[in-house]
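> Give me coordinates for this.
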Amino acid sequence: MKKTIFATLAAALVLASCAKVEVTEVPDSRAIGFDNFVTNAVKSIDNEDALNKFYVYGGPTGAYTNFNGVEVTKAATGEFGYEDVQYWEEGETYQFAAYSDENAAAPGSVSFETAGANQYHLTLAGYTTDGSKDLIYAYAHNAQYGSVTDGTVVFDFHHILSKIIFRFSKSETLNGSQLTINDVKIKSLSNQGTFNGQALTGNQYDYTAWSGQSGTVAAPFMFAGNDGEVGSFQLTDNDKDVDTNPELLIPQNADGSNLEVEFTVTPAGTIAEAPHNKTAKKFTVTLPAPANNHWAPGFVYVYYAVINAENFDLKPIRFGVEMSQNWTDSSDDLNSGLDFDEQGESVIP
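Okay, here's the model as predicted:
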């Protein structure tokens, strides 16, 4: 049995969102407000209305507790605000960091670092994902009242999990047959880790921001159905390709030796009937290594699988040609025994 071959792909999407804080009751307009811009969206936070809550940490340099997980929420008017509004202090420099776990507080411990290599960034310790939430992170360093528009801090959010998708295709060698794909899962991966915010590298946060990956859980992948998610999908001659719904997972080692995907293919039609009589078959395939041998934060990885007749141990009947000799000029032999009259017509002697 020849294993299905997979390949990887990285991609990114973009989205933007705007917000303002009402400051009409502040005569000097020194209320500290927050705006946001979300890049490289990967799941449900993928349009300007989807991000409606994030959590802010930081404050003036040397007094970082002014914002200690303050919840910033989008109102029905579209404006963002928070309780107990604080105000800029003239001449002070502020350090901020923020996150949103798909509009909720993150599980585990969250702390604002005041010293060390990750100074002015957040540490999300023991973060655990079930694959369904989009974790985003941003920071704004060295902000002063005169350096921000209308006293509003702009957070440039980035996605810090990795998005994984499986794409299944039915080969033309199985025309006339239908294949039901189900029970798709990565058998064993880390679902927990610690994130330490770092400076941007290009357009993505670096893989080294994550550490302490742990856990050996199975991650199931579903398909889009008419009323939500479903566990299986049928490939036909008219519908030969399908993507699973994405899973948002901890960036981790994926060097081509440690992660396996398992799925079941149930045939119908030609190969399920006589004389083939093929039945359901479970496949286990080691995932190939992407660039740099790991899943990077904010990247999308699409693993491709083309299922063909050989995966069911069917050997197709093929036709070949064997040439025994070259063409030769045999006109003399063909004319042998024939005489021609003056008009060039043949006569039988």
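> Looks like Ser232 contacts Gln178 (just checking).
No: counting by CB atoms under 8 Å, Ser232 does not reach Gln178; the two are 11.8 Å apart. From N, CA and C alone the C-beta is placed, and that goes for glycine too.
> Ramachandran coordinates for Ile271?
Ile271 adopts backbone torsions of phi -80, psi -10, taken as degrees, to the nearest 10.
> meant to ask about Asn66
Per degrees, to the nearest 10, the backbone of Asn66 is at phi -60, psi -40.
> before we move on, back to that, the more surrounded of Ser232 and Gln178?
Ranked by neighbour count (other CB atoms under 10 Å), Ser232 and Gln178 place Gln178 first, with 18 against 15.
> Low-confidence regions, the stretch 151-300 of the chain specifically.
202-203 (pLDDT under 70).
> and if you look at the stretch 1-150 of the chain?
In the stretch 1-150 of the chain (pLDDT under 70), the answer is 1-29, 32-49, 149.
> Could I get the full set of strands for it?
33-38, 53-60, 67-74, 80-81, 94-101, 109-112, 122-128, 135-143 (DSSP state E, counting those that start in this stretch).
> can you redo those strands as JSON lines with mean neighbour count?
Listed next are the strands of the stretch 1-150 of the chain as JSON lines, based on neighbours: other CB atoms under 10 Å:
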{"stretch": "strand 33-38", "mean neighbour count": "22"}
{"stretch": "strand 53-60", "mean neighbour count": "22"}
{"stretch": "strand 67-74", "mean neighbour count": "17"}
{"stretch": "strand 80-81", "mean neighbour count": "22"}
{"stretch": "strand 94-101", "mean neighbour count": "24"}
{"stretch": "strand 109-112", "mean neighbour count": "17"}
{"stretch": "strand 122-128", "mean neighbour count": "20"}
{"stretch": "strand 135-143", "mean neighbour count": "21"}
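> Tabulate these in TSV, adding columns for distance to Gly193.
TSV is the format used below for those (distance: least, CB to CB, whole Å):
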stretch	distance to Gly193
strand 33-38	22
strand 53-60	19
strand 67-74	20
strand 80-81	29
strand 94-101	14
strand 109-112	13
strand 122-128	6
strand 135-143	11
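> Counting neighbours, what do you get for the closest residue to Gly59 other than its chain neighbours?
Excluding the flanking residues, the one nearest Gly59 by CB to CB, 6 or more residues apart in numbering is Asn66, at 3.0 Å. Number of residues near Asn66 (other CB under 10 Å) recorded here: 16.
> any idea how far Thr286 is from Asn66?
50 Å (CB to CB, to the nearest Å).
> same check, this time on Trp88
Trp88 is 55 Å from Thr286, by CB to CB.
> Skipping adjacent residues, who's closest to Glu247 in space?
Gly131 (3.8 Å).
> So the one you found is in contact with Ala218, correct?
No: assessed by CB under 8 Å, Gly131 is found out of contact with Ala218, at 10.6 Å.
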